[in-house]
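Student: quick one, what's the 3D model for this:
(chains A and B)
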Amino acid sequence: MISRTFRRTAGAVTATLAVTLAACGPAGEGGNGDGQPEAGEFEGRGPINYVAGRDVTGTMQDIIDEWNAENPDEEVTYVELPEDPDSQRQQIIQNAQTQADTYGVINVDNVWTAEFAANQWLEPLPEDEFPVDEMLEPVAETARYQDQMYTVPFWTDAGLLYYRTDLLDEAGIDEPPATWTELEQQCDQVLRLPEADGVSCYAGQFEKYEGLTVNFAEAVQSAGGAVTGEDGTPTVDTAEAREGLRFLVEGFESGLIPEAAITYQEEEGRQAFQDGNLLFHRQWPYQYALASADDGSSDVAGAFDVAPLPGADGPGSSSLGGWNLGVSVFAENKATALDFVKYMTSKENQRRNLEDATLAPAYAELYEDPELVEEFPYLPELRESIESAVPRPKVVRYGDATAAIQDYAYAAITGDADPEQALSGLQERLEEITGGQ
Amino acid sequence: MGSETTVRRPHPARTAEPSGPGEPGRTARKRRSESMRLGTLLIAPTVLVLAVVVAFPTLDAIRMSLFGQPGLDPDTGFVSDTEPFVGLDNYATILTDAGARFWNAFANTVFFTITSVALEAVIGVCMALIMHQALRGRALVRASILIPWAIPTAIVALLWRWIFNADGIANALLPGRVLWTTEGIQAMVAVIVADVWKTAPFVGLLVLAGLQLIPRETHEAAKVDGAGAWRRFWSITLPLVKPALLVALLFRILDALRVFDMPYVLIGPRKSSVETLSMLAHDEASNVRFGSGAAYAVLLFLFVVLVAFAFVKLLGADVVGDAEPRPTRRARRKARAPRRAEGSEP
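Tutor: Numbering: from 1, shown residues only, chains lettered A, B, ... in the order given. The predicted structure is shown next:
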């Protein structure tokens, strides 16, 4: 009886193990492995797979259908991954571990570029074949690892400061804040108004997840610091970084940032802003359309606008989101894959992505197109935000780096750790993680 | 049986002939070897499947736990191709400073298991009693109690996440404002509440099956003898339902020890107040540290095996059902005892 129980138990447990460790396997080999990377050879034509997260708006499938109509011999199949980026990354890694040729062109979060390139899961791309100089420079930079291009920007994203025009008008303020001091002053003025009852000053994304890394990095950059230097070495134990983190820590202490914001991801914050509970909100461009909806879901429709992020002494600096396309090293028909990447990331298709799915383009020109600016009034501010933006740290072990940032930043803003100690601890941890890079 | 073993091998010339009536031993032996062969054939697919889906992954996980993380070549900027063999280093880390996270996860797992299973046992038994008793709307009561169990855990976690939102129902109903999903004991409370809500019906269902096996006369006889409701519950219901309850608890304990989805979705990854061993192993594996991830998973596996073994040994939980008559008869005897003492046996 016992042995049978044992076997059952073992079965149950191993099933868990199998799930938990499904991604496991020896590290993949492949690539040339020696010396400097060069653009790979792109040979072979035929059907390929395009692998990306769920196509929420249906735009991607339309674009792919058009390619297929024109290139019947090089048919592209859309392989949909889960909507959650962590699961996407896991599946892409699994595919690389098994060196399967299933994944041809892959849609990657731009912070994965360093990790995937260092593991030689992405084919080095010939930069001269892409109109990189027409793209906004910080965006183009997300495509490179050690000065070699591995991915092509497909759409980009940067933070904006959403603010309530009605409340600022009421208080007689005509310009949104450009610095943190102005932000505090304006809050002081506005929150005294009877109309501002129940309104809090400022919020961003402070729950312990990737959003916190983004907000922490922005605070540090907006105070003139950087999470990692040019060469990738961590630089968070500096006076600038301390000032940046202090803005968040003191914000929570003084009530400038509402207590509940510690649980905010994008959606919780959006809800608070749309319910009229926030005067200033650091958020991605996607909120613009949703908060403008006049179907009753938003109480602030027509009563808000956007500005670039404020900083310590001048304009702030955003973290850069966005997704790029790369070609899997293990793919077949790489010539087709390269052409397809060119097609997908073309100006025409990025324009279409903006129009149909509100995904911000990488091309500078599109931000000046009067037609587009009319439809998306936030484009000029977004461009400004992107141009002063800094890509998130280029760390091969990005998962560990972002976890470390979240651990220390969260401890500091919840008051569990002294900000200075948190930063020196974080510095040490990041040095460990980036060691040898 | 012993005599049969003396004939080692049938004579080759006779094997083809049908067995005569004068050779009963041979017939039986042949029949037995045939049924042995048939038996082997029938279980072969099962054994094969188990080997592929159980034995292989377990052994491979153990093998993998002996390897470290591939290093980064500073010259090329590429990650090296091979994972270094590190022996038991991945296990040894739990004894060092870096092991703090492991022991925290271990403590969380144990705490979660003990509290949630204890609550589920009490509430589950209550539910079973209600499902068993309710006369009017019985089907409705049973169905409604079972709804939480029918909802996938990830969905349950999402539902409770909304309930425990800063502006959620929990804060609207309770005095004060608790930020449930932040670090702290309240996060663990939220996970336990959600888990109990979801799985108490499972315990209830198994206990109900046990309750329905108790003959009605036992209760009636005890009632005639003047035993009160409380006494009947302690002396009749509980002992008789114990085998079913123990099986339910064993399943729940094994389940709770490898809990992952509830805290992961409800509270979030890497929150030290609710991080469990499964979450730790998952986090390591998703950061491409398969070696230490596998080591944590193997440790969890060994721990679960140990707990299951201890549970079966100490409490005699009858999981497979082959020891069926023993505890039941004992329980019956115990249940009958008060009656016999008063000499009122029919």
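
Student: who are the contact partners of B:M127?
Tutor: B:145, B:200-201, B:203-204, B:207-208 (C-beta atoms under 8 Å, 6 or more residues apart in numbering or on different chains). To be clear about C-beta, it is placed using only N, CA and C from the backbone, and glycine gets the same treatment.

Student: in helices only, show me these.
Tutor: B:145, B:200-201, B:203-204, B:207-208 (DSSP state H).

Student: from the residues you listed, pick the one nearest chain A.
Tutor: Using C-beta to the nearest C-beta, B:V203 comes nearest to chain A of these, at 16.9 Å.

Student: what's the local residue count around that closest one?
Tutor: 28 (other C-beta atoms under 10 Å in any protein chain shown).

Student: that one and B:A118 touch, don't they?
Tutor: No: in this structure, B:V203 is not within contact of B:A118 by C-beta atoms under 8 Å, at 10.8 Å.

Student: check contacts around the residue of chain A found nearest chain B.
Tutor: Minimum separation of chain A from chain B (C-beta to the nearest C-beta) falls at A:A260, amounting to 3.7 Å. Counting by C-beta under 8 Å, 6+ apart, A:A260 makes contact with A:268, A:272, B:166-167, B:177, B:179.

Student: columns neighbour count and pLDDT on top of the residues you listed, output as TSV?
Tutor: TSV is the format used below for the contacts of A:A260 (neighbours: other C-beta atoms under 10 Å in any protein chain shown; pLDDT from 0 to 100):
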residue	neighbour count	pLDDT
A:E268	20	91
A:A272	21	95
B:A166	21	88
B:D167	15	86
B:R177	13	86
B:L179	19	92
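
Student: now, the residues you listed that are in helices?
Tutor: A:268, A:272.

Student: return the residues in contact with A:L125.
Tutor: By C-beta under 8 Å, 6+ apart, the neighbours of A:L125 are A:39-40, A:143, A:149-152, A:326-327, A:338, A:341.

Student: below-threshold pLDDT in the stretch 101-250 of chain B: ranges please.
Tutor: Applying pLDDT under 70 to the stretch 101-250 of chain B flags the ranges B:134.

Student: spatially nearest residue to the residue in the stretch 51-200 of chain B positioned nearest to chain A (excluding sequence neighbours)?
Tutor: Across the stretch 51-200 of chain B, no residue is closer to chain A than B:A166, which sits at 3.7 Å (C-beta to the nearest C-beta). Closest residue in space to B:A166, ignoring its immediate chain neighbours: A:A260 at 3.7 Å, by C-beta to C-beta, 6 or more residues apart in numbering or on different chains.

Student: who in the stretch 101-250 of chain B is up against chain A?
Tutor: B:165-167, B:177, B:179, B:181-183 (C-beta under 8 Å from any C-beta of the partner chain).

Student: which two in those residues are spaced the farthest apart?
Tutor: Largest separation among these by C-beta to C-beta: B:D167 and B:E183, giving 19.4 Å.

Student: which strands and helices lie in contact with whatever helix or strand A:G244 lives in?
Tutor: For A:G244, the host element (DSSP states H and E) is helix A:239-254. If you count contacts as 3 or more C-beta pairs under 8 Å, 6 or more residues apart in numbering or on different chains; DSSP states H and E, helix A:239-254 packs onto helix A:210-222, helix A:398-413, helix A:419-434.

Student: just the mean pLDDT for it, thanks.
Tutor: Helix A:239-254 carries an average pLDDT of 96.

Student: what's the answer for stretch B:273-280, then?
Tutor: The model assigns stretch B:273-280 a mean pLDDT of 95.

Student: list the buried residues for the lengthiest helix in chain B?
Tutor: Longest helix in chain B, counting residues (DSSP H): helix B:100-133. Neighbour counts using 16 or more other C-beta atoms under 10 Å in any protein chain shown place B:101-102, B:105-106, B:108-110, B:112-113, B:115-117, B:119-121, B:123-125, B:127-129, B:131-132 of helix B:100-133 among the buried residues.

Student: show me how far stretch A:108-119 is from its chain's centre.
Tutor: Relative to its parent chain, stretch A:108-119 has a centroid offset of 13 Å by C-alpha atoms, centre = their mean, to the nearest Å.

Student: same question, stretch A:87-96
Tutor: 18 Å.

Student: got phi/psi on the residue sitting nearest the centre point of chain B?
Tutor: Geometric centre of chain B, nearest residue: B:F251, 2.6 Å, by C-alpha atoms, centre = their mean. Here is the backbone geometry of B:F251 (degrees, to the nearest 10): phi -60, psi -40.

Student: can you map out the strands along the stretch 51-200 of chain A?
Tutor: Shown for the stretch 51-200 of chain A, the strands assigned by DSSP state E, counting those that start in this stretch span residues A:76-80, A:105-109, A:144-145, A:148-149, A:151-158, A:160-164, A:200-203.

Student: touching the last one from outside, list them.
Tutor: Meaning strand A:200-203. With C-beta under 8 Å, 6+ apart, strand A:200-203 has contacts from A:183-184, A:187, A:191, A:251, A:255-258, A:261, A:264, A:269, A:272-273, A:277-282.

Student: parallel or antiparallel, list what pairs with it.
Tutor: strand A:278-283 (parallel) (DSSP bridges).

Student: can you check the third one too?
Tutor: If you go by DSSP bridges, strand A:144-145 pairs up with strand A:148-149 (antiparallel).

Student: quick check: mean pLDDT of the strand it pairs with?
Tutor: pLDDT averaged over strand A:148-149 gives 94.

Student: off-centre distance for that strand?
Tutor: Centroid separation between strand A:148-149 and its chain, computed with C-alpha atoms, centre = their mean, is 20 Å.

Student: check stretch B:192-205 too.
Tutor: With C-alpha atoms, centre = their mean, you get 14 Å for stretch B:192-205.

Student: just the residues contacting it, thanks.
Tutor: B:112, B:115-116, B:119-121, B:123-128, B:131, B:145-149, B:151, B:153, B:156-157, B:160, B:245, B:248-249, B:251-252, B:255-256, B:259, B:262, B:266.
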